[in-house]
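**Q** Build me a structure from this.
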Amino acid sequence: MTDGTPEIGEMEEMGGFAALGDHEAASWAPVETTGHRQPGPVGDPAAPGETDAPVSAADTPRPRRRSTRSSRSESASSELKTLRRRGRIDVSGGTALVLLVLACHREDTTGIDLASGTLVRARVPWPDGHAPDLDAFDVVEARLAEEPERDDLAQPEAVTTEGLPRHVGTLHGRRVRKLLHRLATPVEPHVLGFPGASAPYWEFRGFRPSLALVVPTKGPVLFRRDGDRSVWVRFGWGRSDNWLPVEDGRAVRALDVARRDRIQGKDLTTALGYKPYYLVVTLSSPRDGHCYKTVRALLPRS
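**A** You can find the predicted model right below:
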């Protein structure tokens, strides 16, 4: 563990997971790295025989430096009807991607390419004074830069966009539930494939994913640490007990809403406004030579 990770005494003081509710582990198809095909659905929870065909973006005007936002309540379903399905993500320079946003951070925006069903990290050049303003389940169009910068061995899913994304609408319900279900990561010994909360940047070779859509088997428990007052989440995943920092503004505000430093179960659901089902775990950009596991979003099932 790195500095700032709770000590054993703190863990024991917070208690075990015996009182926490279990989540049913989701079936899984492998998380795809950039440029590879995503396998089809496994144990799809939606109605048998029903298919959604997210597909590649049609040619559209190039986005402006400012994001163009549609109404938050406007559905993107009609926009998706014009898309063609692709077997793999197209990450060549100048390509327009239509993304379902899962998490938005200044370092990158995590989303699903609706053309191929592939997880991707879009590095958006947010200008100074313009905070990232995309919410989970927003649908945006992002045009890739002429040189998408796909050579980061620690983040093989990362691509760089040209300008800010164009907001198309939002997406909820069965279509989202199916997409998330297909991309849920299998239970493994370690989140993101390695033990501990961080690893030196130079150890990465581009063979491990830097994104994971995790369905906790215990928890989650959201808490604020004494001392630095940073927000962390504790969750069980298989036989591992994980403690990771949270970089999700909504989750941080949930503690303020509850006026408590530790919430879980029904209290967490009430504070968030939904029951957290997925955790979006990502590998950060290098910080002092190390890349850190962080939780960028706590998401509902759809």
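**Q** What count of nearby residues applies to Trp243?
**A** Neighbours of Trp243 under the rule other Cβ atoms under 10 Å: 20. Every C-beta, even on glycine, is put in place using the N, C-alpha and C of the backbone.
**Q** quick one, phi/psi of it?
**A** Per-residue torsions, Trp243: phi -130, psi 110 (degrees, to the nearest 10).
**Q** what do you get for Gly94?
**A** phi 90, psi -10.
**Q** and the gap between it and Leu153?
**A** 24 Å (Cβ to Cβ, to the nearest Å).
**Q** Which stretches in the stretch 101-250 of the chain count as strands?
**A** Assigned by DSSP state E, counting those that start in this stretch, the stretch 101-250 of the chain shows strands spanning 109-113, 118-123, 138-143, 158-160, 166-170, 198-200, 211-214, 218-224, 231-237, 240-245.
**Q** Looking at these, spot the one closest to Asp261.
**A** strand 218-224 (4.3 Å; Cβ to Cβ).
**Q** Direction included, what does the closest one pair up with?
**A** Strand pairing for strand 218-224, using DSSP bridges, gives strand 231-237 (antiparallel), strand 262-264 (antiparallel).
**Q** Now do the same contact list for the residue nearest the centre of the chain.
**A** The residue lying closest to the centre of the chain (Cα atoms, centre = their mean) is Val280, at 3.6 Å. Residues in contact with Val280 (Cβ atoms under 8 Å, 6 or more residues apart in numbering) are 102-103, 110, 211-214, 295-299.
**Q** Now tabulate those residues in a markdown table and tack on neighbour count, distance to His172 and pLDDT.
**A** Listed next are the contacts of Val280 as a markdown table, based on neighbours: other Cβ atoms under 10 Å; distance: Cβ to Cβ, whole Å; pLDDT from 0 to 100:
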| residue | neighbour count | distance to His172 | pLDDT |
| --- | --- | --- | --- |
| Leu102 | 27 | 13 | 98 |
| Ala103 | 25 | 16 | 97 |
| Thr110 | 26 | 18 | 97 |
| Leu211 | 26 | 21 | 96 |
| Ala212 | 24 | 22 | 96 |
| Leu213 | 24 | 17 | 97 |
| Val214 | 23 | 21 | 97 |
| Val295 | 26 | 22 | 98 |
| Arg296 | 25 | 19 | 97 |
| Ala297 | 25 | 15 | 97 |
| Leu298 | 26 | 16 | 98 |
| Leu299 | 22 | 12 | 97 |
